[in-house]
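1. predicted model, plus sequence, below.
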Amino acid sequence: MFGIENLGPNAQAAALVGIVLVEAVVLYVVFGWLESTFGGTVTRVIQGQCPVADAVFGRCSAAENGGANR
Amino acid sequence: MMEILGVSATLIATFVGFGLLIGILFGFFGMGGSFLVTPALLVMGYESTTAVASGLAFVFGTSVIATLKHRDLGQVDYKLGVLMIAGTTAGIEVGKIGLETLQHMGLADTVVSVAYVFLLGGIGAFVTREALKSDGGGGLEHDVDEDADVDDADIPDVAQKIQSYRIPPMMKLRGGFRVSLWMILLVAFATGLLSGFLGVGGGFIRMPALFYLIGVPVPVAVGTDLFEIVFSGGIGSFLYAQSGAVDLSIVVPLLSGSALGARLGAAATSLVDEGDIKVYFGVMLLLGAIAVAVRKLGGVFEIPVMDAVSLAIILGAALLVSGAVTYSAIRELRDEADGRTVAADV
């Protein structure tokens, strides 16, 4: 898997740790982007300040809760 | 059945869901990796070296994500983390010597099993009792910066005593208080000693030690503990990967789920009341102690089904506690919104 089987033990170990590290950082960045993009809307839905249907169709404005985005 | 890179889609979905669950607990408490993943993989039929190695690699990846999130929230004390790594490493080496001595005497299995169950249960009972005694309120502020003033009443008695030993050099830590470098190293050494002796990661020992012995606010204790796990998990993964024991088809999907869970768990520490965090932590440890005791008894009396019972207890506890954490975070968000509405009306 991932084409690292032919490497020596040390290189293979370093590659494995590197793959896990890169995956972790990429996932952190991707979920961070999702959080900053949709986090405010999800928070307003949880707080009952925006109906789910409005959130799905992008009709939830930040102004509804004074612009607070968490 | 559909397969991705030789692994069935059902198995991948199971790992992603399981990762999400563990991620919440890991981001919230800074512990739980070896506790949950390794026994689950063993019950699923993986070899013990693969289960341990893949579990360790997964813990490494999740700790990276959770530490980055805690860093965003200002909840990682790097100075303290580096000192803890130094003290813990020395402690683990001495603990390992103790373990090897017991192995030569043929007592290692019994002593370690009993000590592990009593330590888990003891810390769990102590943390729960202390949290309930203080009525859950009056916790430290979640937004802890280095210059913040901490009320002495919020610092546990033992930590106040340790902070009163002013042996130079003194270190200024997040929360705005000073502790002797030697006291930090001593606490780190003691936690490492237990960790090396029991052969466990030790998040469940370090997190309460940082709070009850050094006086670090709970969210910073979690963040700093996770920072330390990045290094111990990374080195451990590398050592196991040298023998080819890490299975990426397990680690990659688990990490995909835990990436979201760790963010949610870490974010919840800045929402949920500190007293509640301690109660959840204590309950998780108490149920963990029961699960480990059941597994050990199953081994002693050679009853294989006890392994499955133990896993059911630990998974049930993980589901229960992560559900309670999520519920508390949602409740806090709603209360906050209600508070704002009332303030706007006034």
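-> Received it, and whenever you're ready, just let me know what you need. In this text, all values refer to a predicted model and were calculated from it rather than measured experimentally. Residues are numbered from 1 along each chain as shown, chains lettered A, B, ... in the order given.

2. helices of the stretch 101-250 of chain B, start to end?
-> Here the stretch 101-250 of chain B has its helices, by DSSP state H, counting those that start in this stretch, at B:108-133, B:157-164, B:181-198, B:203-209, B:218-242, B:248-269.

3. got CSV for those, with mean pLDDT too?
-> Shown next, in CSV, are the helices of the stretch 101-250 of chain B (pLDDT from 0 to 100):
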stretch, mean pLDDT
helix B:108-133, 85
helix B:157-164, 84
helix B:181-198, 90
helix B:203-209, 86
helix B:218-242, 88
helix B:248-269, 88
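
4. to A:R44, which of those helices lies closest?
-> helix B:248-269 (15.7 Å; C-beta to C-beta). Any C-beta I mention is one placed from the backbone N, CA and C, and that applies to glycine too.

5. the helix or strand harbouring A:V45 vs chain B: in contact?
-> Per DSSP states H and E, A:V45 falls inside helix A:9-46. Yes. Judged by C-beta under 8 Å from any C-beta of the partner chain, helix A:9-46 and chain B are in contact via A:9-10, A:12-14, A:16-17, A:19-21, A:23-25, A:27-28, A:30-32, A:35, A:43, A:46.

6. which residues are contacting stretch B:293-310?
-> B:39, B:42-43, B:113, B:117, B:291-292, B:313 (C-beta atoms under 8 Å, 6 or more residues apart in numbering or on different chains).

7. which of those has the largest number of neighbours?
-> Most neighbours among the contacts of stretch B:293-310, by other C-beta atoms under 10 Å in any protein chain shown: B:A291, with 24 neighbours.

8. from the chain's centroid, how far away is the helix or strand harbouring that one?
-> Following DSSP H and E, the helix or strand that holds B:A291 is helix B:274-300. Centre-to-centre, helix B:274-300 and its host chain are 12 Å apart (C-alpha atoms, centre = their mean, to the nearest Å).

9. isn't B:P217 right up against B:L173?
-> No. Using C-beta atoms under 8 Å as the test, B:P217 is too far from B:L173 to be in contact (9.6 Å).

10. what separates the residue nearest to the spatial centre of chain A from B:S322, distance-wise?
-> Residue closest to the average C-alpha location in chain A (C-alpha atoms, centre = their mean): A:F31, at 0.8 Å. According to C-beta to C-beta, to the nearest Å, A:F31 stands 17 Å off from B:S322.

11. touching, B:V37 and B:I22? I think so.
-> Yes. B:V37 is within contact range of B:I22, at 6.5 Å (criterion: C-beta under 8 Å).

12. could you pull out the residues contacting both of the two?
-> With C-beta under 8 Å, 6+ apart as the test, B:V37 and B:I22 both reach B:L254.

13. flag every residue of chain B that's near chain A.
-> Checking chain B against chain A by C-beta under 8 Å from any C-beta, the hits are B:5-6, B:57-58, B:60-62, B:64-65, B:68-69, B:234, B:237-239, B:241-244, B:246, B:248-249, B:251-252, B:255-256, B:259-260, B:263, B:330, B:333-334, B:336-337, B:340, B:344.

14. good, we can wrap up now.
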